[in-house]
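> Fold the stuff below for me.
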Amino acid sequence: MDHVLTGLENFLAAPPESIHGNRLGLLCNPASVNRRFQHASKLIDKKFPGQLTALFSPQHGFFAEKQDNMIESDHMTDPDLNIPIFSLYGQSRKPLKEMLNLIDILIIDLQDAGTRVYTFIYTMSYCQEAAQTFGKKVIILDRPNPVNGMTLEGNCLNEDCASFVGRFPIPMRHGLTIGELSLLFNDHFKINCDIEVVPMKNWKREMVFPDTGLPWVPPSPNLPTVDSAMVYPGQVLWEGTNISEGRGTTQPFELFGAPFLDTQKILEKLSGPQIPGAFLRAVVFEPTSNKWGKKPCHGFQIHVTDPQEYRPYISTLKLIQSIILLHQDDFKWKLPPYEYETQRMPIDLITGSRKLRKQIEQAEDIDAIASSWEKELEEYKKMIRPFLLY
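Residues are numbered from 1 along each chain as shown. Got it, this is the predicted structure:
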């Protein structure tokens, strides 16, 4: 099988005509590398000497060093290139006019997580809006959807749950690359900026990240491995609860638990440790920070045994429901604030639905709930068809 070539690699091999003579900005972070781990900023500066005039960073910072949500990054100066780095997760989450005054074209090279709540895609959408407002061109360098580009999972976001972890009515597992999402946002959701996507070569929709032959560089601190990315579309739900999602451990999102969990009873409720495409291994872990810091937590590690069969969102919904039924006195939904929202429940923002929380609490069958989303997923499939690049 031929190795996948990213948009970055194709962009450097055959740059668009529009690049020549224009000042360039780059929205990037440590995962913006080629297969030899060379960073996009250095490669673009070398290819177009003197044209790269500003850098931009998403949530978690230019070095992906900030751990959690609502931990902002400051503007800084790139020590090697001596150009400004503007934080788009600080005083502003949108590029300001004075930032874009320094550039003619904004290049975006970010590794997405294939999950609706991952904020990089909304930073991209804000950049598209600002580019439209201030007359700048946007070039997206495409990268793989790490959890494949075929499987759709979950409900589509309801408008009353729109936030920085969900701006548009797409499902939790959206099945698109970041380049395809940029086209969907631009055309269907009418941002209407001047946009160009540099596609990948040799990427197939059924691929999960290990199939690509590309190196995994953590796009954020709590997606350290491909395994963490694989479970993230479901395990991110724990952020809306008092159950540890494994932050403060070496295996965030793969591990989850709390001091009060009875793992044996949970397994009995689920009819054993085997769930479709994965195995739940009972563990005890002690987060160094975050929820339940320095306290032993009883819980599980999710081992994905078949990535194509595993459904992270459905699986975690079932786990949450089991824990609520068994630990009603100890389980709690997390209260605001969450991602700059101070009124609405974090779990509603994450699931994109106020109704789903109540359905889980009322012990409605999760598979039946999931089957009720089929019609909107079919509509979504039709909606995205014109924007598929592969």
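
> Not counting its own residues, what contacts stretch 357-370?
For stretch 357-370, the surrounding residues in contact (C-beta atoms under 8 Å, 6 or more residues apart in numbering) are 314, 317-318, 320-321, 324-325, 333, 345, 347-348, 351, 356. All C-beta atoms are positioned from the backbone trio N, CA, C, and that covers glycine.

> at 7 Å instead, please
Ile314, Leu317, Lys318, Ile320, Gln321, Ile324, Leu325, Trp333, Met345, Ile347, Asp348, Thr351 (C-beta atoms under 7 Å, 6 or more residues apart in numbering).

> Weed out the non-buried ones from these.
Ile314, Leu317, Lys318, Ile320, Gln321, Ile324, Trp333, Met345, Ile347, Asp348, Thr351 (16 or more other C-beta atoms under 10 Å).

> who's in contact with the first one?
I take that to be Ile314. Contacts of Ile314 (C-beta under 7 Å, 6+ apart): Glu153, Ile366, Ala370.

> of the contacts of stretch 357-370, closest to Ser18?
Thr351 (40.2 Å; C-beta to C-beta).

> Would you mind measuring from the closest one to Gly166?
Going from Thr351 to Gly166 by C-beta to C-beta, to the nearest Å gives 9 Å.

> ok, back up a step: could you save the contacts of Ile314 as JSON lines and add columns showing distance to Arg173?
Formatted as JSON lines, the contacts of Ile314 follow (distance: C-beta to C-beta, whole Å):
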{"residue": "Glu153", "distance to Arg173": "4"}
{"residue": "Ile366", "distance to Arg173": "15"}
{"residue": "Ala370", "distance to Arg173": "12"}
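
> Tell me which of these fall in helices.
Counting by DSSP state H, those place Ile366, Ala370 in helices.

> Could you export the contacts of Ile314 to CSV, including columns for pLDDT?
Converted to CSV, the contacts of Ile314 look like this (pLDDT from 0 to 100):
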residue, pLDDT
Glu153, 98
Ile366, 98
Ala370, 98
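
> Name the member of the contacts of Ile314 that has the highest neighbour count.
The most crowded member of these, judged by other C-beta atoms under 10 Å, is Glu153 (23 neighbours).

> for that residue, which residues make a bridge with it?
Arg173 (DSSP bridges).

> distance of it from Ser315?
Taken as C-beta to C-beta, the span from Glu153 to Ser315 is 10 Å.

> Then Pro16?
Distance from Pro16 to Ser315, by C-beta to C-beta: 42 Å.

> Ok, Gly213 next?
28 Å.

> Please parse this protein into its domains.
7-215, 226-352 (automatic domain parsing).

> Relative to Tyr380, which of those domains is closest?
Closest of the domains of the chain to Tyr380 is domain 7-215, at 5.9 Å (criterion: C-beta to C-beta).

> So what would you say the end-to-end distance of that closest one is?
End-to-end distance for domain 7-215, by C-alpha to C-alpha, to the nearest Å: 15 Å.

> ok, Thr241 touching Leu335?
No - assessed by C-beta atoms under 7 Å, Thr241 is found out of contact with Leu335, at 10.7 Å.

> These two: who's more crowded?
Thr241 (21 against 11).

> Beta-bridge partners for that one, please?
Trp333.

> what's it in contact with, if anything?
Ile320, Phe331, Lys332, Trp333, Lys334, Ile347 are the contacts of Thr241 under C-beta under 7 Å, 6+ apart.

> Run a quick neighbour tally on the closest residue to the third one other than its chain neighbours.
When you say that, I think you mean Lys332. Nearest-residue entry for Lys332: Asn242, 4.3 Å, with adjacent residues in sequence omitted and distances by C-beta to C-beta, 6 or more residues apart in numbering. Neighbour count of Asn242, defined by other C-beta under 10 Å: 15.

> beta partners of the nearest residue to Thr263 once chain neighbours are set aside?
Using C-beta to C-beta, 6+ apart and skipping the chain neighbours, the partner closest in space to Thr263 is Ala282 (4.2 Å). Counting by DSSP bridges, Ala282 forms beta bridges with Phe300.

> Ala282: neighbour count?
15.

> how close does it sit to Gly246?
For Ala282, the distance to Gly246 - C-beta to C-beta - is 14 Å.

> three-state assignment of the residue of the chain positioned farthest from its centre?
Ranked by distance from the centre of the chain (C-alpha atoms, centre = their mean), the top residue is Gly21, with 33.6 Å. With DSSP: H, G, I helix; E, B strand; the rest coil as the basis, Gly21 sits in coil.

> From His75, how far off is the residue lying closest to it once chain neighbours are set aside?
Among residues not flanking Gly21 along the chain, Gln51 sits closest, at 7.9 Å (C-beta to C-beta, 6+ apart). According to C-beta to C-beta, Gln51 and His75 sit 21 Å apart.

> Between the two, which is the more surrounded one?
Gln51 (17 against 14).

> Which of the three states applies to the closest residue to Gly213 other than its chain neighbours?
Residue nearest to Gly213 in three dimensions, not counting chain neighbours: His3, with 4.1 Å by C-beta to C-beta, 6+ apart. Secondary structure, three-state DSSP: His3 is coil.

> my guess is His3 meets Met207, correct?
No - using C-beta under 7 Å, His3 makes no contact with Met207, being 11.4 Å away.

> out of those two, which sits in the more crowded spot?
Ranked by neighbour count (other C-beta under 10 Å), His3 and Met207 place Met207 first, with 21 against 12.

> which one of the contacts of Ile314 sits closest to Pro30?
Pro30 has its nearest neighbour among these in Glu153, at 27.7 Å by C-beta to C-beta.

> Walking through the stretch 1-150 of the chain, point out its strands one by one.
Taking DSSP state E, counting those that start in this stretch, the strands of the stretch 1-150 of the chain run over residues 24-27, 52-57, 76-77, 84-87, 105-108, 137-141.

> Make TSV from these and add mean neighbour count to it.
Shown next, in TSV, are the strands of the stretch 1-150 of the chain (neighbours: other C-beta atoms under 10 Å):
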stretch	mean neighbour count
strand 24-27	26
strand 52-57	23
strand 76-77	13
strand 84-87	20
strand 105-108	26
strand 137-141	24
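
> Redo the ones you listed as TSV? Include distance to Asn290.
Output for the strands of the stretch 1-150 of the chain, formatted as TSV (distance: least, C-beta to C-beta, whole Å):
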stretch	distance to Asn290
strand 24-27	27
strand 52-57	22
strand 76-77	26
strand 84-87	22
strand 105-108	30
strand 137-141	33
